[in-house]
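In: A predicted structure for the sequence below; I have some questions about it.
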Amino acid sequence: MTSKPRPVPTADGHHVVIGDRRWRATDPSVPEAAGARLRVHLMAARRAVAAARRAQDLQAERAARARVQAAKVALGERGTPWWEQSADARRARWSDGLAALDAQQEAQHDSP
């Protein structure tokens, strides 16, 4: 099995190039363990979007898209550019985002 080539970062490191498109890079200050957990939340939310679309459940789709947004913001891929934020603001962005996503996941598992 061959793996996909790694995205090519721009010279300033703010973006990666995938195909012919430029995407905002993940904030490099996000610790690896937190980044991995955020990516798990992101991929689960993306699967939830797909499932909600298949079920034609607009409410579930909106909720899943909000989780995608929260994960992307926490990773620094959306929202205020991470290179324009202070170290404290960057830390708060990913730690608060991760805490909120963890709490949402707990609430989903606790509900009947």
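Out: Yep, it's here. Numbers count the residues shown, from 1 in each chain.
In: Run through the strands of the protein in chain order.
Out: Ranges of strands in the chain, per DSSP state E, are 8-9, 15-18, 21-24.
In: For the protein, which element, helix or strand, carries the lowest mean pLDDT?
Out: strand 8-9 (a mean of 90; mean pLDDT, DSSP states H and E).
In: Run me through the strand neighbours of that strand, direction for each.
Out: strand 15-18 (antiparallel) (DSSP bridges).
In: who's in contact with the strand it pairs with?
Out: Identification of contacts with strand 15-18 by C-beta atoms under 8 Å, 6 or more residues apart in numbering yields Pro7, Val8, Pro9, Thr10, Arg22, Trp23, Arg24, Ala25. (Each C-beta comes from the backbone N, C-alpha and C, glycine too.)
In: So how do I select the buried members of those residues in PyMOL?
Out: Those of those that count as buried under 16 or more other C-beta atoms under 10 Å are selected in PyMOL with:
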select buried, resi 24+25
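In: which of the strands of the chain has the lowest average pLDDT?
Out: Lowest mean pLDDT within the strands of the chain: strand 8-9, at a mean of 90.
In: out of the contacts of strand 15-18, who's nearest Ala51?
Out: Comparing the contacts of strand 15-18 against Ala51 with C-beta to C-beta places Trp23 closest, at 24.5 Å.
In: Hmm, His14 is touching Trp23, no?
Out: No: the criterion here is C-beta atoms under 8 Å, and His14 misses it with Trp23 at 10.2 Å.
In: Tell me how far the nearest residue to Asp27 once chain neighbours are set aside lies from Ser29.
Out: The shortest distance from Asp27 to any non-neighbouring residue, by C-beta to C-beta, 6 or more residues apart in numbering, is to Gly76 (3.0 Å). Between Gly76 and Ser29 the distance is 8 Å, computed by C-beta to C-beta, to the nearest Å.
In: what does Ala51 give?
Out: From Ala51 over to Ser29 (counting by C-beta to C-beta), the distance is 33 Å.
In: chain center to the least confident helix or strand of the chain: distance?
Out: Distance of strand 8-9 from the chain centroid (C-alpha atoms, centre = their mean, to the nearest Å) equals 18 Å.
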